[in-house]
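> build me a model:
(one chain, ligands or ions: 1)
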Amino acid sequence: MLRQIEAWEDRDRNAGADLETSLTLADTAEELAAVLSPHVHAPYFGRMQVNIGGRTQALYIGKHAFQDLKGPHHVVSWESDVGGLFYQTRTEWTTPTRLRGTVLHKRQLDVRDKTLLRVSDLYDARAGGETGAREQVLIERLGEASTTGMRDVVQTLQPEQNDAVRLDAGRNCVIQGAAGSGKTTIGFHRLAWMAHPERRQHQADAAHCMVLMPNEILADYSRKVLPGLGLDAVTVTTPERWALGFLGVEKMTLEDRTLHLLLTDRDTTRRKQAWLRAKALGSARIEEVLRRHLRDRLQGNARATHLEQRSEYLGRTVTYRIDPPALALLIAQTVQVDSRLGYRHELTRQLHAHFAAQSGADAGDAAAQATWQDLLGRVLRQVFLGLQPVTETRRLLADPQRLQAIGADLLTRHQLHALTLDPLAGVPRARTASIDVVELPAILTCYALLSGIGRREGRALHEYAHVVLDEGQDYSPLMYRMMARATRPGHISVLGDLNQGLHGYKGPNDWREVEQVLGGAQVATLTRTYRSTREITAVAAQIAQTYNRSGSPVVGVDRSGEAVRRSEGLGLQGLAGEVRSLLAAGHRNIALVTRNVLEADRLSPALRLHDVDAQPITTEQCRYRGGVVVLPVHYAKGLEFDACVAVNADNDHYDPAVEYERRLLYVTVSRGLHALSLHAPGALHDLLKPPPPLHPVLA
Ligand SMILES: Nc1ncnc2c1ncn2[C@@H]1O[C@H](COP(=O)(O)OP(=O)(O)OP(=O)(O)O)[C@@H](O)[C@H]1O
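Okay, here's the model as predicted:
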């Protein structure tokens with residue numbers, strides 16, 4: 001590898017016939033050298049002995065493919081089809097040249113800093129197959145301390161995770177998995193796999209892909225995995241930030257008044273109404289309602305449009321004109337064409353054809369177009385008059401009669417009724433111009449129908465090559481519709497856990513609904529969790545089993561660790577003592593997870609009085625930099641720490657009768673890798689009591 005890099009970096013060798021060719025060659029060579037360089041320290045992590053067409057040979061598997069031009073030292077990349085065999089239980093395959101291949105032996109090579117540290121044989125056909133060492137390697141890797149960013153798991157990818165990464169390219173997929181099953185990690189690995197040239201027509205250019213994470217803190221945490229997977233160019237953001245940016249209203253304040261009401265209002269009827277209203281707003285049927293509404297509005301604007309323009313074309317005077325019946329026809333045709341680029345683009349195309357017919361010109365002739373351009377602009381302004389996505393969507397949603405008139409056959413009676421209610425009237429609004437998260441998908445839909453949707457490149461809108469949606473249980477069906485519209489067909493990968501849905505009022509009822517709105521998707525379920533020790537997983541499972549919707553039990557990798565610490569009746573001093581004791585035990589990254597922001601805000605300065613410096617993470621602008629942190633559960637979601645302290649983990653803070661609260665508690669206790677401490681000023685939560693001791697005979 002070093003020899004190859006040297007050759008690439010040698011400018012004299014990359015000389016072309018002329019200066020320009022030489023520069024291009026040198027640039028390309030430098031780029032190749034830069035891509036290969038990081039892999040010199042650990043060029044491979046696996047070796048397979050295979051028999052292909054009767055010849056036995058060794059294949060080395062690494063994070064990056066390497067073709068040794070002057071010797072026999074090749075490395076195949078883990079994303080290649082043959083590299084995938086390293087993780088699979090399958091041992092036979094057929095090469096592209098139709099030769100039969102058989103895997104005889106698999107070996108894990110722990111290489112760091114150009115040093116081979118250890119060799120573990122994973123599979124040996126002559127000695128009876130799997131050796132069991134794969135589990136051992138995994139357990140050791142999981143026992144390592146946490147970092148401040150998401151890690152790549154290429155070396156220890158497990159067979160079921162590998163299958164999820166390699167679900168058919170070109171088909172949407174939904175990957176369901178419990179907390180710590182590696183979903184988010186797998187989403188990024190799937191993207192790396194999609195970016196590999198072997199995906200042929202489905203290959204996704206990383207620069208044209210996007211990953212949507214639930215909040216900025218997690219987006220920042222997960223960006224750290226990108227370089228190791230060769231995905232530096234991928235956009236990682238949150239759905240709200242992306243949508244506001246795309247709509248050009250990033251200055252508006254984003255609020256979630258439904259969540260505010262659900263968390264603070266004790267009136268059950270109002271909570272139910274807010275929930276149903278949010279659900280109705282996120283229904284995929286809203287797309288069709290908006291379609292009908294916009295069609296009528298465009299037709300209404302066209303009604304009085306008599307416009308004409310005289311121009312000189314090829315030495316003669318042409319009168320271009322359009323009258324209401326002609327425009328009505330063009331609009332009817334426009335709305336029928338379901339263009340991703342929107343009505344404005346399609347109507348422009350139709351108008352070009354209309355005026356071209358009047359002058360006998362070719363609709364694509366730029367010189368001819370210039371002669372009717374002014375009139376075309378006037379027609380568009382008239383037709384789209386007053387159609388601003390934010391105001392237009394709000395106007396429609398605030399008009400029960402109009403909704404009834406165009407949506408009676410699309411929405412249920414309950415949905416229509418829910419849309420007419422205003423349960424949020426008492427919830428304060430932001431002082432500045434704002435958008436609510438539950439109305440955002442409808443506004444985005446309105447924009448998409450009028451002006452198109454996709455990846456902006458200058459003034460053009462392109463499809464995303466592949467989009468990964470993390471925490472997919474929190475996206476409304478309408479948002480799924482829009483993401484599918486913005487993306488190449490079959491190129492959406494969804495990761496989620498129905499059991500961790502913290503925003504059920506926005507999310508889908510189940511994955512079938514997602515499958516339906518996406519127009520088909522493969523669904524895979526991850527059955528194992530990797531993050532936490534056996535002791536921590538047992539506590540999380542005890543909570544999850546009270547509402548488990550995914551249908552599969554949570555099975556953790558059987559890694560033993562410290563006993564879960566339970567402290568009842570301890571105040572702030574006790575809590576500070578607990579943190580100090582975790583630090584003394586060698587844990588570096590420790591999270592104190594609270595039920596809400598206010599508690600976290602108060603806890604940080606209070607702990608300082610007891611000599612514990614815990615950084616608060618209480619807004620999306622905060623970044624996780626490691627050490628001891630205090631954060632509310634909704635920001636802790638997706639992050640992980642060496643040790644987690646569940647603060648105020650009692651019935652008062654997590655109402656046992658409310659499923660949503662139990663979900664929050666599940667998220668809280670599932671954040672620690674190695675240690676969990678449950679803390680309450682009084683009695684611990686009902687679901688966190690220690691399991692009864694085993695009967696002496698069983699023990
Ligand atoms: N095959 C693996 N080898 C090593 N570590 C793994 C493997 N799979 C998962 N992990 C580790 O398990 C932890 C959980 O992974 P990840 O955060 O992707 O899970 P998740 O399912 O998205 O969790 P959550 O639902 O809580 O956000 C991470 O530390 C990850 O590095």
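
> which of the helices or strands spans Thr546?
Under the criterion DSSP states H and E, no helix or strand holds Thr546.

> name the nearest residue to it, sequence neighbours excluded.
Distance criterion C-beta to C-beta, 6 or more residues apart in numbering; nearest residue to Thr546, sequence neighbours excluded, is Arg662 at 5.8 Å. (C-beta placed from N, C-alpha, C; glycine too.)

> from the ligand, how far off is the one you found?
16 Å (C-beta to the nearest ligand atom, to the nearest Å).

> that residue should be in a strand, yeah?
No - per DSSP: H, G, I helix; E, B strand; the rest coil, Arg662 lies outside any strand segment and is helix.

> Tyr547 versus that one, what's the distance?
6 Å (C-beta to C-beta, to the nearest Å).

> among the two, which residue is more densely surrounded?
Arg662 (20 against 13; other C-beta atoms under 10 Å).

> shouldn't the more buried one be in contact with Ala540?
No - Arg662 is beyond contact range of Ala540, at 11.1 Å (criterion: C-beta atoms under 8 Å).

> for the protein, which spans come out with low pLDDT?
11, 13-17, 501-502, 549-554, 692-699 (pLDDT under 70).

> my reading is that Arg321 lies in a helix. Confirm?
No - Arg321: not assigned to a helix; according to three-state DSSP it is strand.

> excluding its backbone neighbours, what's nearest it?
Using C-beta to C-beta, 6+ apart, the closest residue to Arg321 is Glu308 (3.7 Å).

> what kind of secondary structure is that neighbour in?
Per three-state DSSP, Glu308 ends up strand.

> what does this protein have sitting close to the ligand?
138, 141-142, 151, 153, 156-158, 161, 177, 179-185, 497, 500, 530-531, 638, 640, 670 (C-beta under 6 Å from any ligand atom).

> could you check how many residues crowd around the residue nearest to Arg321?
So Glu308, with other C-beta under 10 Å, has 12 neighbours.

> ok, it - contacts?
When contacts are counted by C-beta atoms under 8 Å, 6 or more residues apart in numbering, Glu308 is found next to 319-322, 375.

> just the element for whichever residue of the stretch 551-699 of the chain sits closest to the ligand, please.
Residue nearest to the ligand within the stretch 551-699 of the chain (C-beta to the nearest ligand atom): Gly638, separated by 4.0 Å. Following DSSP H and E, there is no helix or strand that holds Gly638.

> excluding its backbone neighbours, what's nearest it?
Gly638 sits nearest to Leu218 (C-beta to C-beta, 6+ apart), 4.3 Å away.

> before we move on, what about Arg292?
Ile406 (4.4 Å).

> ok, back up a step: any idea how far the residue nearest to Arg321 lies from Leu375?
7 Å.

> name the residues contacting each of the two.
With C-beta under 8 Å, 6+ apart as the test, Glu308 and Leu375 both reach 320, 322.

> at which residues are the strands of the stretch 401-550 of the chain located?
434-436, 455-457, 460-462, 466-469, 492-496, 522-526, 528-529 (DSSP state E, counting those that start in this stretch).

> what sits up against the fourth one?
Put plainly, it is strand 466-469. By C-beta under 8 Å, 6+ apart, strand 466-469 touches 187-188, 190-191, 194, 204, 208-212, 239, 475, 480, 483, 486-488, 491-496.

> from the middle of its chain, how far away would that strand be?
6 Å (C-alpha atoms, centre = their mean, to the nearest Å).

> just the C-alpha atoms of stretch 370-380, please, in CSV.
As requested, C-alpha coordinates have been extracted for stretch 370-380 and formatted as CSV (Å, rounded to 0.1, in the frame of the first residue of the first chain):
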residue,chain,number,x,y,z
ALA,A,370,-37.6,34.8,-25.5
THR,A,371,-40.4,36.3,-27.6
TRP,A,372,-43.1,35.0,-25.2
GLN,A,373,-41.1,34.9,-22.0
ASP,A,374,-42.6,38.1,-20.6
LEU,A,375,-46.2,36.9,-21.2
LEU,A,376,-45.4,33.5,-19.7
GLY,A,377,-44.1,35.2,-16.5
ARG,A,378,-47.3,37.3,-16.3
VAL,A,379,-49.5,34.2,-16.7
LEU,A,380,-47.5,32.3,-14.0
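
> buried residues in that stretch?
371-372, 375-376, 379 (16 or more other C-beta atoms under 10 Å).

> chain center to that stretch: distance?
Worked out by C-alpha atoms, centre = their mean, stretch 370-380 lies 42 Å from the chain centre.

> repeat for stretch 422-434
On C-alpha atoms, centre = their mean, the centre of stretch 422-434 falls 28 Å from that of its chain.

> contacts for that stretch?
251-255, 257-258, 260-261, 265, 270-271, 273-274, 277.

> again, 10 Å this time
249, 251-261, 264-265, 267, 269-278, 390, 398, 436, 438 (C-beta atoms under 10 Å, 6 or more residues apart in numbering).

> quick one: strands adjacent to the longest strand along the chain?
In the chain, ranked by residue count with DSSP state E as the criterion, the top strand is strand 100-112. Strand 100-112 has the following sheet partners, assigned by DSSP bridges: strand 46-52 (antiparallel), strand 92-94 (antiparallel), strand 115-124 (antiparallel).

> correct me if wrong: Glu661 contacts Ala649.
No - contact criterion C-beta atoms under 10 Å: Glu661 and Ala649 do not qualify, at 11.3 Å.

> overlap in contacts of these two?
With C-beta under 10 Å, 6+ apart, Glu661 and Ala649 have common neighbours 595, 685.

> residue contacts, the residue nearest to Thr546?
So Arg662 contacts 499, 543-544, 546-547, 654-656, 685-687 (C-beta under 10 Å, 6+ apart).

> same question, Ile217
238, 617, 619-624, 631, 634-639.

> can you select the buried ones among the residues you listed for me in PyMOL?
In PyMOL syntax, the buried subset of those is picked out as below (16+ other C-beta under 10 Å):
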select buried, resi 238+617+620+622+624+631+634+635+636+637+638+639
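
> number of nearby residues for the residue lying closest to Ile492 once chain neighbours are set aside?
Closest residue in space to Ile492, ignoring its immediate chain neighbours: Asn172 at 4.6 Å, by C-beta to C-beta, 6+ apart. Number of residues near Asn172 (other C-beta under 10 Å) recorded here: 24.

> most packed of the strands paired with strand 100-112?
Sort the strands paired with strand 100-112 by mean neighbour count, taking mean count of other C-beta atoms under 10 Å, and strand 46-52 sits at the top with a mean of 19.

> could you dump that one to CSV, C-alpha only?
This file holds the C-alpha atoms of strand 46-52, laid out as CSV (Å, rounded to 0.1, in the frame of the first residue of the first chain):
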residue,chain,number,x,y,z
GLY,A,46,-10.2,-10.7,8.0
ARG,A,47,-8.8,-13.5,6.0
MET,A,48,-10.8,-16.2,4.2
GLN,A,49,-9.4,-19.3,2.6
VAL,A,50,-11.6,-20.1,-0.3
ASN,A,51,-11.7,-22.5,-3.1
ILE,A,52,-12.8,-21.0,-6.5
